[in-house]
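A.B. asks: model the following, please.
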Amino acid sequence: MKKPLRYMLSVMLMLALMLSNGLVALSGALLAQYQGSSDINMGRGAIVIGLAAVIIGEVMFGKVFRNIGARLLAVSIGAIVYYIVLQIVLQIGLNTNDLKLITALIVALFLTLSYLNLKKTRHKVIGNKSASGTVILDELGEEEIATGHMIVYTSADSVMQICGNEETFDLKELYRCCEIARELTLKDEWRVGRVIARPYVGKKRGEFVRTSNRHDYALKPTGLTALNALKDAGYSCISVGKIYDIFDSEGLTESNKSQSSVHGMEQTIDIAGRDFKGLCFTNLVDFDALWGHRRNPIGYGEEIERFDVKLGELLNVLRKDDLLILTADHGNDPTYTGTDHTRETVPMIAYSPSMKASGILKERDAFHNFAVLGATITENFGVNMPEGTIGESILDLLQ
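C.D. replies: The predicted structure is shown next:
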């Protein structure tokens with residue numbers, strides 16, 4: 001369907017240009033007949049004003065006004081702005097003989113603003129496809145380093161990922177470009193879940209390694225969450241890892257950025273040793289980013305061993321009334337084909353020093369929804385879930 005659609009678009013554009021030029025010629029002929037004479041300069045001012053009105057209206061309101069009626073209103077406002085600017089210039093005392101020059105400068109100014117608006121990042125996009133993060137670095141990393149172009153790719157998730165070499169692209173520049181991409185992808189027709197800055201280091205293919213300076217620019221939650229409920233009730237909501245990015249800071253009282261999964265566990269152990277009342281929400285990203293997507297079962301197994309050591313340290317600092325829940329937000333089987341997330345059932349393990357029994361929980365409908373955790377955690381603190389949220393607590397089973 002793509003070729004016919006593009007063909008029809010070109011045909012309609014050609015017809016529109018033919019019709020508009022024909023109408024201009026007709027109006028000029030009628031005016032010449034009415035006046036009994038003609039001049040090559042006739043109508044030039046009206047054309048310039050019309051062009052200026054369109055350009056100014058588009059630059060000022062192009063992102064705000066979407067439908068045809070609003071766009072026409074933008075053009076009208078553009079004409080008003082044009083005349084206001086023109087009057088200001090004339091009030092300064094410039095010679096009226098320079099009016100054409102002034103008009104040209106005004107149009108050029110807004111054309112320049114329009115160009116800068118379209119080229120905010122100042123980087124050419126390369127990639128622009130669905131790909132594995134490690135594969136696309138090997139494919140395009142050397143080109144990005146040599147040219148300053150920007151690697152953009154996506155995956156099966158609702159994400160836009162932008163890569164930048166920390167040494168040549170610059171980390172701050174990468175974040176700036178991602179902030180621009182985040183603004184652009186907030187449009188209702190796109191609503192991309194996350195724009196992810198993917199910094200990396202290395203100089204040639206086979207040596208590229210992504211760093212811990214990743215930053216996620218997520219959509220804000222569409223409504224209140226369990227975090228908001230706990231925070232509003234006066235409880236601490238402390239994040240470790242990329243939880244801050246995922247929730248766009250909503251409902252959190254403290255955030256801690258991790259350099260690795262081991263570092264994240266060390267931060268969690270330190271927080272568990274504090275005297276606080278509330279939730280510590282930890283995300284350990286290395287299982288997914290370093291081993292799952294790269295289909296590296298050996299690395300995955302070694303990461304589990306490192307986690308197991310730190311888990312033992314965490315258990316030693318838990319108080320009697322603490323509740324620890326271990327789970328995952330999706331699968332990423334390192335032995336499976338491809339590079340995307342996998343769809344196996346994820347584990348959910350709960351532990352508290354106060355528990356009197358152990359075993360496998362009886363399966364019920366609540367387990368089929370990830371929201372069970374939010375409902376269980378809020379009930380644990382005697383807090384109601386926000387109105388309109390889903391999830392059934394299983395706190396009664398955790399005894």
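A.B. asks: only C-alpha atoms from now on, for both contacts and neighbour counts.
C.D. replies: OK.
A.B. asks: next one: residue 160 from residue 196, what distance?
C.D. replies: In this view, residue 160 and residue 196 are 6 Å apart by Cα to Cα, to the nearest Å.
A.B. asks: do residue 276 as well
C.D. replies: In terms of Cα to Cα, residue 276 sits 32 Å off from residue 196.
A.B. asks: what of residue 290?
C.D. replies: For residue 290 relative to residue 196 (Cα to Cα), the value is 16 Å.
A.B. asks: so the two - more neighbours on which side?
C.D. replies: residue 196 (26 against 18; other Cα atoms under 10 Å).
A.B. asks: tell me who's in contact with the more buried one.
C.D. replies: Contact analysis of residue 196 by Cα atoms under 8 Å, 6 or more residues apart in numbering lists 159, 160, 161, 162, 178, 214, 215, 216, 217.
A.B. asks: the host helix or strand of the second one pairs with which strands, parallel or anti?
C.D. replies: Assigned by DSSP states H and E, residue 160 falls within strand 159-165. Using DSSP bridges, the strands paired with strand 159-165 in its sheet are strand 150-154 (antiparallel), strand 194-201 (parallel).
A.B. asks: using a markdown table, lay out those together with distance to residue 379.
C.D. replies: What follows is the strands paired with strand 159-165, written out as a markdown table (distance: least, Cα to Cα, whole Å):
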| stretch | distance to residue 379 |
| --- | --- |
| strand 150-154 | 37 |
| strand 194-201 | 30 |
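A.B. asks: okay if I get the ones you listed as CSV plus mean pLDDT and distance to residue 53?
C.D. replies: Putting the strands paired with strand 159-165 into CSV (pLDDT from 0 to 100; distance: least, Cα to Cα, whole Å) gives the following:
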stretch, mean pLDDT, distance to residue 53
strand 150-154, 93, 34
strand 194-201, 94, 35
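A.B. asks: may I see the buried residues of stretch 239-254?
C.D. replies: 239-253 (16 or more other Cα atoms under 10 Å).
A.B. asks: ignore what I typed, I meant stretch 140-148.
C.D. replies: Buried-residue list, stretch 140-148, by 16+ other Cα under 10 Å: 140, 141, 142, 143, 144, 145, 148.
A.B. asks: coming back round to it: of all the strands paired with strand 159-165, which one is nearest residue 90?
C.D. replies: strand 150-154 (44.4 Å; Cα to Cα).
A.B. asks: alpha carbons only: can I get that closest one in CSV?
C.D. replies: Once non-C-alpha atoms are left out, strand 150-154 reads as follows in CSV (Å, rounded to 0.1, in the frame of the first residue of the first chain):
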residue,chain,number,x,y,z
MET,A,150,22.9,9.9,15.9
ILE,A,151,22.0,6.2,16.2
VAL,A,152,18.3,5.8,16.8
TYR,A,153,16.6,2.4,17.1
THR,A,154,13.6,0.6,18.7
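A.B. asks: quick one: contacts of it?
C.D. replies: Here strand 150-154 makes contact (Cα under 8 Å, 6+ apart) with 123-131, 133, 140-141, 144, 160-164.
A.B. asks: please repeat the previous calculation with a cut-off of 10 Å.
C.D. replies: Strand 150-154 has contacts (Cα atoms under 10 Å, 6 or more residues apart in numbering) with 121-133, 136-137, 140-141, 143-144, 159-165, 169, 174, 177, 195-198.
A.B. asks: with stretch 325-335 instead?
C.D. replies: 281-284, 287-289, 291-301, 339-352, 370, 373, 377.
A.B. asks: what's the span of that stretch, first residue to last?
C.D. replies: Chord length of stretch 325-335, first to last residue, is 26 Å (Cα to Cα).
A.B. asks: what's the spacing between it and its chain's center?
C.D. replies: 23 Å (Cα atoms, centre = their mean, to the nearest Å).
A.B. asks: which residue ranges of the chain form helices?
C.D. replies: 2-35, 44-61, 68-92, 99-118, 133-147, 171-184, 226-232, 243-246, 261-272, 286, 297-317, 372-380 (DSSP state H).
A.B. asks: list the buried residues of stretch 345-357.
C.D. replies: Buried residues in stretch 345-357, defined by neighbour count with 16+ other Cα under 10 Å: 351, 352.
A.B. asks: and the contacts of it?
C.D. replies: By Cα under 10 Å, 6+ apart, stretch 345-357 touches 315-316, 318-332, 358, 360-361, 367-368, 370, 373, 398-399.
A.B. asks: let's see it at 6 Å
C.D. replies: Here stretch 345-357 makes contact (Cα atoms under 6 Å, 6 or more residues apart in numbering) with 320, 322, 323, 324, 325, 326, 327, 328, 399.
A.B. asks: count the neighbours of the last one for me.
C.D. replies: Think residue 399. 12.
A.B. asks: now for it: which residues touch it?
C.D. replies: residue 355.
A.B. asks: try the first one
C.D. replies: Listed by Cα under 6 Å, 6+ apart, the contact set of residue 320 reads 353, 354.
A.B. asks: cutoff 7 Å now
C.D. replies: Residue 320 makes contacts with 352, 353, 354, as judged by Cα atoms under 7 Å, 6 or more residues apart in numbering.
A.B. asks: try the third one
C.D. replies: Each residue near residue 323 by Cα under 7 Å, 6+ apart is listed here: 351, 352.
A.B. asks: that one and residue 206, how far apart?
C.D. replies: Counting by Cα to Cα, the gap from residue 323 to residue 206 is 44 Å.
A.B. asks: now do the fifth one
C.D. replies: Residue 325 sits 38 Å away from residue 206 when distances are taken as Cα to Cα.
A.B. asks: any low-confidence regions in the chain?
C.D. replies: The chain contains residues with pLDDT under 70 at 1-10, 40-48, 62-67, 94-104, 106-119, 364-366.
A.B. asks: and residue 224, how many neighbours?
C.D. replies: 16.
A.B. asks: typed the wrong thing, it's residue 223
C.D. replies: 10.
A.B. asks: over to residue 36?
C.D. replies: By other Cα under 10 Å, 8 other residues sit near residue 36.
A.B. asks: among the contacts of stretch 345-357, which ones are in strands?
C.D. replies: Here DSSP state E is the test, and those give 324, 325, 326, 327 as lying in strands.
A.B. asks: pick out the most distant pair among those residues.
C.D. replies: Once Cα to Cα is applied, the ones in strands among the contacts of stretch 345-357 give 324 and 327 as the farthest pair, at 10.1 Å.
A.B. asks: picking up where we left off before, closest one of the ones in strands among the contacts of stretch 345-357 to residue 56?
C.D. replies: Nearest to residue 56 among the ones in strands among the contacts of stretch 345-357, counting by Cα to Cα, is residue 327 at 53.4 Å.
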